[in-house]
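Student: Got a predicted structure here, sequence first:
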Amino acid sequence: MAVGLLVDCFFYEFGSGDFLYSFFSTISHNLEVKGWGSKYPFLLNRLYNDKISYSEIDYLQKELNEIEGHFDKMHFEKAIWNIEDLNQNTPWDQNTISSKVINLSTYFATSFGETFFEVFRKAINDAKEDRCDISIRKL
C-alpha cells in the first residue's frame, strides 16, 4: 500500500509506509536531541499526526529546507529504519544501494527517482497555489 501527501485531490506518492517512517525516524534520530518533534514540530508532529493547514505551510517548508541542508552533509549510512527499534536494519546497504545515493538527501527517494524533498516541494507548491491543506494518506 502506497503512502503519500494529499493536497486537495492530488496525491504525491512516497512509496511504502515503512520507508516514509524511516525518513521521519532518521530526521528525529539525527537532528532532534530532545526527541521526536522537538525541533521540527510541523513535520514530525502536525503533519505526521494530522495535517498541515494552509496557514502553516511556510513553517513546514522552512523545516524541510533546513533538514535537507543537514541531510546534504550526512552520509547515507546515518539512515535508520525505525526510531523505536534501532536494531532494525535498513533494507539497503553499501553493496545494494543505487549509485545515485550520495548522502541522506538522496537516500530517501521514490521508485520514480524523485527524492522525498522533491515530492514535498511539489506538494507544498501546489498547496500554496490552491490554498489547500496537506496530509499524509494511504492509497
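Tutor: Looks like it arrived, so ask away.

Student: now residue 59, nearest residue through space, not along the chain?
Tutor: The shortest distance from residue 59 to any residue that is not its chain neighbour, by C-beta to C-beta, 6 or more residues apart in numbering, is 4.5 Å, and that residue is residue 42. C-beta: built from backbone N, CA, C; applies to glycine.

Student: Surely the one you found is in a strand?
Tutor: No - residue assignment for residue 42, taken from DSSP: H, G, I helix; E, B strand; the rest coil, gives helix, which places it outside any strand.

Student: Going forward, the N-terminal residue is numbered 808.
Tutor: Will do, 808 is the new start, and the previous item becomes residue 849.

Student: Contact partners for it?
Tutor: With contacts taken as C-beta atoms under 8 Å, 6 or more residues apart in numbering, residue 849 has the following neighbours: 859, 863, 866-867, 870.

Student: Looks like residue 896 contacts residue 889 (just checking).
Tutor: No - taking contact to mean C-beta atoms under 8 Å, the distance of 9.7 Å between residue 896 and residue 889 leaves them out of contact.

Student: Could you pull out the strands in this protein for me?
Tutor: With strands called from DSSP state E, the chain shows them at 809-814, 817-823, 858-859, 941-945.

Student: Let me know which of the ones you listed is the nearest to residue 832.
Tutor: strand 817-823 (13.5 Å; C-beta to C-beta).

Student: buried residues in that closest one?
Tutor: Applying a neighbour-count criterion of 16 or more other C-beta atoms under 10 Å, the buried positions in strand 817-823 are 819, 821-822.

Student: Give me the distance between residue 927 and residue 943.
Tutor: Using C-beta to C-beta, to the nearest Å, we find residue 927 at a distance of 11 Å from residue 943.

Student: In terms of neighbours, single out the busier of the two.
Tutor: Set side by side, residue 927 and residue 943 show more neighbours around residue 927, with 24 against 18, by other C-beta atoms under 10 Å.

Student: Distance check, the more buried one against residue 893.
Tutor: When distance is defined by C-beta to C-beta, residue 927 is 25 Å away from residue 893.

Student: Spatially nearest residue to the spatially most central residue of the chain, not counting backbone neighbours?
Tutor: Taking C-alpha atoms, centre = their mean as the criterion, residue 830 is the residue nearest the geometric centre of the chain, at 4.9 Å. Nearest residue to residue 830, sequence neighbours excluded (C-beta to C-beta, 6+ apart): residue 915, at 4.7 Å.
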